[in-house]
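*Asks:* When you get a sec, could you give me coordinates for this:
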Amino acid sequence: MAFTRAVIDLGTNTFQLLVCTCHHKDAPLHILENVQRPVQLGKGAMEEGYIQLDAIARAEVVLAEFVAIALSHGCSAHEITALGTSILRNASNGDKILADWRRIFGFQVELISGLQEATHIFEGVFHSLPQPWVRPTLLMDIGGGSVEFIFFEGNQVHFKTSLELGGLKLRSLFHVQDVFDVSVKSACMAYIEEALQPLYTACGQLPQVLVGAAGAFETMWDIEQALKGGSPNGSAQVLDLSCFYRVKEEIEMMPADQRSSYPGMRAFRAGIFPYANLLVDSVLSHFNMQEMWMSAYSLKEGYWFYQRAEAIKKGIIF
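*Replies:* Sure, this is the predicted structure:
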């Protein structure tokens, strides 16, 4: 009996849908749909403390699309799970919005904590990496509202945390006319460095490699391929650090209205991409890392694996 489920990541900047299936307990996931839409649910909410009506309207258009896609692949409404993350955790109207969406669309809803988010991200990313993977590794997932970090060796997690340092969060604090400008760089970097101190203390100097989960790291990969050529091979890729630093500097100095046209740039990420680069630069520099990977898997893939494991435990499947 095939196990097919849909997972929706209700991100602060982007909503993502994953529909996957498999036919036995040890099979890799088979992706039927992997869709991203730039909702910007957190726009205005960072400053006001509650999610705005126009953002709710944008979200509901996308959710209706996502539900239709999932149903077309044979998922019933109760086999679709929407995961609330940073902005829905922190907004004063987050609980009400999730309750409304559960009633309107009929899917399952989970408001997960930052640490739960980190756990599922690790599960997803670890499945994407070439095995055996044993080096001390720092996993980083940059969202719109929060950034999750997981320090691990092999399948052993030593430390995980969720920090309110996402791209939209940083943009709300450091901007010129609501966009990144190089004049805010020093203040933003100082803020990032202070916020990352607990991570640095917990990890010491042990991490040797940085693995980035989807999101901004996928955009780094797209840009690298646009500039250098080549094609993807597998669900995890080595990123060229020299290319990363060159692109980072060029994008920082560009006029904001030109960033979306940079080769390989995903337009909906252009506004927060300079902030993501500052975060990555801080981590790479602190640990003196000479290797960085991109994993195409993240929260939604990890949650799908979690759902399958729970169904197997309960004897529901396989």
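*Asks:* contacts and neighbour counts: CA atoms only from here.
*Replies:* OK.
*Asks:* List of residues touching the helix or strand containing residue 246?
*Replies:* Residue 246 belongs to helix 241-253 when elements are defined using DSSP states H and E. Contact with helix 241-253 is made by 180, 181, 182, 220, 224, 259, 274, 277, 290, 291, 292, as judged by Cα atoms under 8 Å, 6 or more residues apart in numbering.
*Asks:* The closest residue to the second one other than its chain neighbours: neighbour count?
*Replies:* Spatial nearest neighbour of residue 181, excluding adjacent residues (Cα to Cα, 6 or more residues apart in numbering): residue 175 at 6.3 Å. Residues near residue 175, counting by other Cα atoms under 10 Å, number 16.
*Asks:* my read: residue 175 touches residue 186, true?
*Replies:* No - applying Cα atoms under 8 Å, one finds residue 175 not in contact with residue 186, separated by 11.8 Å.
*Asks:* longest helix of this protein?
*Replies:* helix 53-72 (DSSP state H).
*Asks:* Packing partners of the helix or strand following it?
*Replies:* The first helix or strand that comes after helix 53-72 along the chain, using DSSP H and E, is strand 80-84. Using 3 or more Cα pairs under 8 Å, 6 or more residues apart in numbering; DSSP states H and E as the contact criterion, the neighbours of strand 80-84 among helices and strands are strand 3-10, strand 108-111.
*Asks:* go with 10 Å
*Replies:* Contacts of strand 80-84 with other secondary structure elements, assessed using 3 or more Cα pairs under 10 Å, 6 or more residues apart in numbering; DSSP states H and E, are made with strand 3-10, strand 14-22, helix 53-72, helix 94-105, strand 108-111, helix 299-313.
*Asks:* So which of the contacts of helix 241-253 belong to helices?
*Replies:* By the criterion of DSSP H, membership of the contacts of helix 241-253 in helices covers 220, 224, 274, 277.
*Asks:* Let me have these in CSV, adding neighbour count and distance to residue 103 as columns.
*Replies:* Formatted as CSV, the ones in helices among the contacts of helix 241-253 follow (neighbours: other Cα atoms under 10 Å; distance: Cα to Cα, whole Å):
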residue, neighbour count, distance to residue 103
220, 25, 38
224, 21, 43
274, 27, 38
277, 22, 39
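*Asks:* and which of the residues you listed is nearest to residue 298?
*Replies:* residue 220 (15.5 Å; Cα to Cα).
*Asks:* Next, work out how far apart that closest one and residue 39 are.
*Replies:* For residue 220, the distance to residue 39 under the criterion Cα to Cα, to the nearest Å works out to 21 Å.
*Asks:* swap in residue 116?
*Replies:* To residue 39, residue 116 is 23 Å away according to Cα to Cα.
*Asks:* Neighbour count: those two, which is higher?
*Replies:* Between residue 116 and residue 39, residue 39 has the larger neighbour count (other Cα under 10 Å), namely 23 against 18.
*Asks:* Excluding residues flanking it in the chain, which one is nearest that one?
*Replies:* For residue 39, the spatially nearest residue (Cα to Cα, 6+ apart) is residue 14, at 5.3 Å.
*Asks:* The one you found: neighbour count?
*Replies:* Neighbours of residue 14 under the rule other Cα under 10 Å: 20.
*Asks:* and residue 133, that one's in a helix?
*Replies:* No - according to DSSP: H, G, I helix; E, B strand; the rest coil, residue 133 belongs to no helix; its state is coil.
*Asks:* List the buried residues of stretch 36-50.
*Replies:* Buried residues in stretch 36-50, defined by neighbour count with 16 or more other Cα atoms under 10 Å: 36, 37, 38, 39, 40, 41, 42, 43, 44, 45, 46, 50.
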